[in-house]
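1. Have a look; sequence and predicted model below, questions after that.
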Amino acid sequence: MTEIMDRIKNIAIEISSAIKTQDTGKADTCNISGDVQAKLDVISDEIVEKHLSCVSSVAQIISEEKEDALTLNENGKYFVAYDPLDGSSLIDVNLSVGSIFGIYKGDYAGENIVAAAYVVYGPRLELVVARDTVELFRFNEEKKEFEYIKELRLSEKGKILGPGGTQKCWYPYHKKMIDNFFKEGYRLRYSGGMVPDLHQILLKGGGLFAYPAATDKPKGKLRKLFEVFPFAYVFERAGGLAIDGENNILTLGYEHYHDTTSCFLGSNYEIEKVLNTYKGKK
Ligand code: AHM
Ligand code: MG
């Protein structure tokens with residue numbers, strides 16, 4: 001596991017450099033979810049594959065940008081699912097983007113996740129690693145290494161809200177719930193990149209991020225293996241919760257690598273409100 005985390009640090013440095021120097025335009029290709037790929041999606045995927053191929057404990061990898069899993073070592077014990085460059089539609093407008101990694105033992109079911117990490121490519125390069133605890137690291141440009149900053153813990157309740165999806169397609173009970181949060185005094189914090197949006201909630205100590213099922217996306221948009229399970233693990237380890245509306249995210253399985261799910265991640269107070277809203281609605 002230490003070797004995987006060390007590789008993730010190298011991956012972060014290399015992708016960060018690619019973001020600063022490479023073409024930010026679109027590639028001529030789509031991924032399996034039908035999203036037009038940015039050139040940087042493809043480059044970032046190659047960088048991750050190159051590094052993880054050097055780790056003997058990694059049995060298999062699957063990425064948001066790959067149709068199928070790639071077996072690396074028959075005797076490896078870890079299965080790594082990753083989104084090499086999440087939020088790549090924000091690249092051209094120079095907003096923060098990220099990489100997300102879920103490390104599973106067995107296969108990619110939520111209950112098998114044993115560690116998660118994500119990288120924020122923002123004004124500073126930051127890495128968050130979740131195992132028993134959730135730890136924040138920041139890249140020191142002079143020393144050329146990541147330095148431990150602090151442990152991240154969520155409070156019982158936050159003050160910010162990141163409500164994703166197409167509002168005109170939200171179900172009425174979802175809209176009412178979001179309106180009620182705003183009536184309670186929550187402030188909008190939503191960039192369109194789940195990595196910086198969730199990072200903000202974690203760093204500010206609480207709040208709610210939602211990407212619900214809606215009429216245009218009956219199973220949500222965000223992918224279980226590469227996006228939702230890893231962040232659910234991070235939020236649970238930080239003392240918060242992640243649900244699909246009714247169920248704990250990490251109790252969910254998957255049928256296909258690229259399956260999506262409705263998701264709500266946050267501190268306990270907000271998730272309780274979501275549970276009360278969604279009870280009996282599915
Ligand atoms: P991506 O992996 O193609 O970048 O998509 C994931 C991103 C998330 O970071 C973000 O929360 C969501 O898509 C926003 O999507 P949309 O703007 O389509 O609602
Ligand atoms: Mg993504």
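-> Received it, and whenever you're ready, just let me know what you need. Ligands and ions are numbered 1, 2, ... in the order given.
2. residue boundaries of the helices in the stretch 1-150 of the chain?
-> Assigned by DSSP state H, counting those that start in this stretch, the stretch 1-150 of the chain shows helices spanning 2-21, 39-52.
3. Can you tell me which of the ones you listed is most buried?
-> Comparing those by mean neighbour count (mean count of other Cβ atoms under 10 Å), helix 39-52 ranks first with a mean of 20. Glycine gets a C-beta too; all of them are placed from N, C-alpha and C.
4. mind checking the SS state of the closest residue to ligand 2 within the stretch 151-282 of the chain?
-> Per Cβ to the ion, E227 is where the stretch 151-282 of the chain lies closest to ligand 2, at 5.2 Å. Under DSSP: H, G, I helix; E, B strand; the rest coil, the three-state class of E227 is helix.
5. what sits against it?
-> By Cβ atoms under 8 Å, 6 or more residues apart in numbering, the contact list for E227 reads E64, D83, D86, I100, M194.
6. before we move on, the earlier item: for the helices of the stretch 1-150 of the chain, which one sits closest to ligand 1?
-> For ligand 1, the closest of the helices of the stretch 1-150 of the chain is helix 39-52, at 7.9 Å, according to Cβ to the nearest ligand atom.
7. any idea how far the residue nearest the centre of the chain is from ligand 1?
-> Central residue check for the chain by Cα atoms, centre = their mean: the C-alpha nearest the mean position is that of E227, 3.7 Å away. Look at E227 and ligand 1: by Cβ to the nearest ligand atom, to the nearest Å, they are 7 Å apart.
8. Just the pLDDT at that residue, thanks.
-> Listed pLDDT for E227 reads 98.
9. got it, and D41?
-> Turning to D41, the model gives it a pLDDT of 89.
10. Which residues are in contact with it?
-> Residues in contact with D41 (Cβ under 8 Å, 6+ apart) are A27, N31, E65, P84, L85, S88.
11. Show me the one in those residues that has more neighbours than the rest.
-> L85 (30 neighbours; other Cβ atoms under 10 Å).
12. From what I see, that residue and A12 are in contact.
-> No: L85 is not in contact with A12 according to Cβ atoms under 8 Å; the separation is 11.4 Å.
13. Now do the shared contacts for those two.
-> S99.
14. Kindly report the residues of the chain close to ligand 2.
-> Applying Cβ under 5 Å from the ion, we find that the chain lies next to ligand 2 at D83, D86.
15. how is the chain carved up into domains?
-> Split into domains by automatic domain parsing, the chain comes to 2-151, 160-279.
16. contacting residues for the closest residue to C30 other than its chain neighbours?
-> Leaving out its chain neighbours, the residue that sits closest to C30 by Cβ to Cβ, 6 or more residues apart in numbering is V36, at 5.6 Å. Residues in contact with V36 (Cβ under 8 Å, 6+ apart) are K26, A27, T29, C30.
17. Quick check: the second one vs Y121, distance?
-> Translated: A27. Distance, A27 to Y121, using Cβ to Cβ, to the nearest Å: 19 Å.
18. Low-confidence regions, this structure specifically.
-> Counting by pLDDT under 70, the ranges of the chain that qualify are 282.
19. Could you tell me the single residue of it that sits nearest to ligand 1?
-> For the chain, Cβ to the nearest ligand atom, closest residue to ligand 1: M194, 3.5 Å.
20. close enough to count as contact, that residue and A210?
-> No: shown here, M194 and A210 do not form a contact pair, counting by Cβ under 8 Å, at 10.7 Å.
21. what residues do the two have in common as contacts?
-> Common contact partners of M194 and A210 (Cβ under 8 Å, 6+ apart): G164.
22. Can you give me the neighbour number for A242?
-> 24.
23. From the contact counts, what lies against the helix or strand hosting it?
-> Here A242, judged by DSSP states H and E, is contained in strand 241-243. Counting contacts by 3 or more Cβ pairs under 8 Å, 6 or more residues apart in numbering; DSSP states H and E, strand 241-243 is packed against helix 229-237, strand 263-266, helix 268-278.
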